[in-house]
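Enquirer: Got a predicted structure plus its sequence, pasted below:
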Amino acid sequence: MALLEVKDLDVIFETRLGSARAVNNVSFHIEEGETFGLIGESGSGKSVIGMSLLRLLPKNARVNGKALFDGSDLLSTNDEEMQKFRGEQIAFIPQNPTASLNPLIKNGLQVSEIFEKKGQDKHESWRAALKVMERLLIREPSLSANRYPHQLSGGMRQRLVTGISLSLEPRLVIADEPTKGLDSLTRRSTIEFFRKLEGKHDRSMLLITHDLDLAYEICDRLAVLYAGEIVEMGPAKNVMDDPEHPYTRGLIKSLPRNGLQPLEGNSPSLLRLPDGCFFQERCIIQTVDCTRKHPQLSQYNGWMKRCILH
């Protein structure tokens, strides 16, 4: 049985302008020890899916479907049980590490307090924190532990937040845009860090990113999201090296190494999604049928695609 199985997930935000469908009928699973990636442009619904699994969405969000974690439905369990899942079973690595750290507390203390909550004394907790920081390749762990978050680089702050998240040894890690806002040098080192993290630790990971290079490096399987729904899903190397869906092809072509050819047009409004294919207005191979019939996600040559032309 899969560690996490998401079934028919819908997320709708009620706004003054109407109902915004942020996630539409999304289903996927993550096996033990697997790294599964959600990729797509900003606003495609990636982060909303991650936040919905931990029930961290605002009150105007309406969530339907199931999210079975080791057999328990995260979306229907009571608040007390949900608190046990957060941190201990499922860790969340946010996309803005600076906002997640207390600027007035030294770095080492922010990690060691996790071990204190597990019952260790202060000295044991501090030693455990240093070991975590050393394992996560934080430079000069003893020196960095006695500094404050603003004295670390962006990449080191990302690793510190990761250390805090992993201290409880969760079974599933949800990493939300870990390379967002980093300069090219820091981004490269962060990719290397996550690649080593994925290879050394026998835990599952849900990677949410628009960084296609990071997804290619560390993911076993990928799901490509557009306008809140999965348009392609399969083995990461297959999806990235030989994409079948027109949207995925456009994403790959937009990479600098492929000529930096950006996709023309914009995603449809989540308040007024079209009747046919959501990608129809930006697709270079669309037909009349694409405007009339909404394609279903179907099996094709070993992976899933949502296109009536396939």
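Expert: Nice, thanks for sending it over.

Enquirer: show me where the stretch 51-200 of the chain has strands.
Expert: 61-69, 72-73, 90-93, 172-176 (DSSP state E, counting those that start in this stretch).

Enquirer: Of all those strands, which one is nearest N25?
Expert: Proximity to N25 (CB to CB) singles out strand 61-69 among these, at 8.0 Å. For every residue, glycine as well, the C-beta is placed using N, CA and C.

Enquirer: Packing partners of the closest one?
Expert: Contact here means 3 or more CB pairs under 8 Å, 6 or more residues apart in numbering; DSSP states H and E; on that basis strand 61-69 packs against strand 4-15, helix 46-53.

Enquirer: and the ones you listed as JSON lines, adding mean neighbour count, mean pLDDT and distance to T162?
Expert: Listed next are those as JSON lines, based on neighbours: other CB atoms under 10 Å; pLDDT from 0 to 100; distance: least, CB to CB, whole Å:
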{"stretch": "strand 4-15", "mean neighbour count": "18", "mean pLDDT": "97", "distance to T162": "19"}
{"stretch": "helix 46-53", "mean neighbour count": "23", "mean pLDDT": "96", "distance to T162": "15"}
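
Enquirer: Dump those into TSV; add distance to S100 as well.
Expert: Listed next are the helices and strands packed on strand 61-69 as TSV, based on distance: least, CB to CB, whole Å:
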stretch	distance to S100
strand 4-15	23
helix 46-53	14
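
Enquirer: I'd say E217 and T190 touch.
Expert: No: at 10.6 Å, E217 does not count as touching T190 under the criterion of CB atoms under 8 Å.

Enquirer: Neighbour count: these two, which is higher?
Expert: T190 (21 against 15; other CB atoms under 10 Å).

Enquirer: can you pull the contacts of that one?
Expert: G155, Q158, R159, P178, T179, L182, L214 (CB atoms under 8 Å, 6 or more residues apart in numbering).

Enquirer: residues in contact with R139?
Expert: M156.

Enquirer: please renumber so the chain begins at 12
Expert: Sure thing, new numbering starts at 12, so read that last one as R150.

Enquirer: measure it to Q162 for me?
Expert: 12 Å (CB to CB, to the nearest Å).

Enquirer: coming back round to it: what's the closest of the helices and strands packed on strand 72-80 to P306?
Expert: strand 15-26 (16.8 Å).

Enquirer: on contacts alone, who are the packing partners of the closest one?
Expert: strand 29-41, helix 57-64, strand 72-80.

Enquirer: Can you pull out the low-pLDDT segments for the chain?
Expert: Within the chain, the ranges that satisfy pLDDT under 70 run 207-213, 321.

Enquirer: so where's the longest helix in it?
Expert: Ranked by residue count and defined by DSSP state H, the top helix of the chain is helix 195-211.

Enquirer: Run the angle between that one and strand 183-187 for me.
Expert: Here helix 195-211 runs at an angle of 170 degrees relative to strand 183-187 (axes from the mean of the first three to the mean of the last three CA atoms, to 10 degrees).

Enquirer: Alpha carbons of helix 195-211, in CSV - could you do that?
Expert: The C-alpha coordinates for helix 195-211 follow below in CSV (Å, rounded to 0.1, in the frame of the first residue of the first chain):
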residue,chain,number,x,y,z
SER,A,195,22.3,30.8,-9.1
LEU,A,196,25.2,29.8,-6.8
THR,A,197,23.1,29.1,-3.8
ARG,A,198,20.5,27.4,-5.9
ARG,A,199,23.1,25.0,-7.3
SER,A,200,24.3,24.1,-3.9
THR,A,201,20.7,23.7,-2.7
ILE,A,202,20.0,21.3,-5.6
GLU,A,203,23.1,19.3,-4.6
PHE,A,204,21.9,19.3,-1.0
PHE,A,205,18.4,18.0,-1.8
ARG,A,206,19.9,15.4,-4.1
LYS,A,207,22.1,14.0,-1.3
LEU,A,208,19.2,14.3,1.2
GLU,A,209,17.0,12.3,-1.2
GLY,A,210,19.7,9.7,-1.6
LYS,A,211,20.8,9.2,2.0
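
Enquirer: For the helix or strand that comes right after it, enumerate its sheet partners and note whether each is parallel or antiparallel.
Expert: Using DSSP states H and E, the helix or strand that follows helix 195-211 in sequence is strand 215-220. Using DSSP bridges, the strands paired with strand 215-220 in its sheet are strand 46-50 (parallel), strand 183-187 (parallel).

Enquirer: With distance to S63 and mean neighbour count as added columns, please give the ones you listed in CSV.
Expert: Shown next, in CSV, are these (distance: least, CB to CB, whole Å; neighbours: other CB atoms under 10 Å):
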stretch, distance to S63, mean neighbour count
strand 46-50, 12, 26
strand 183-187, 11, 23
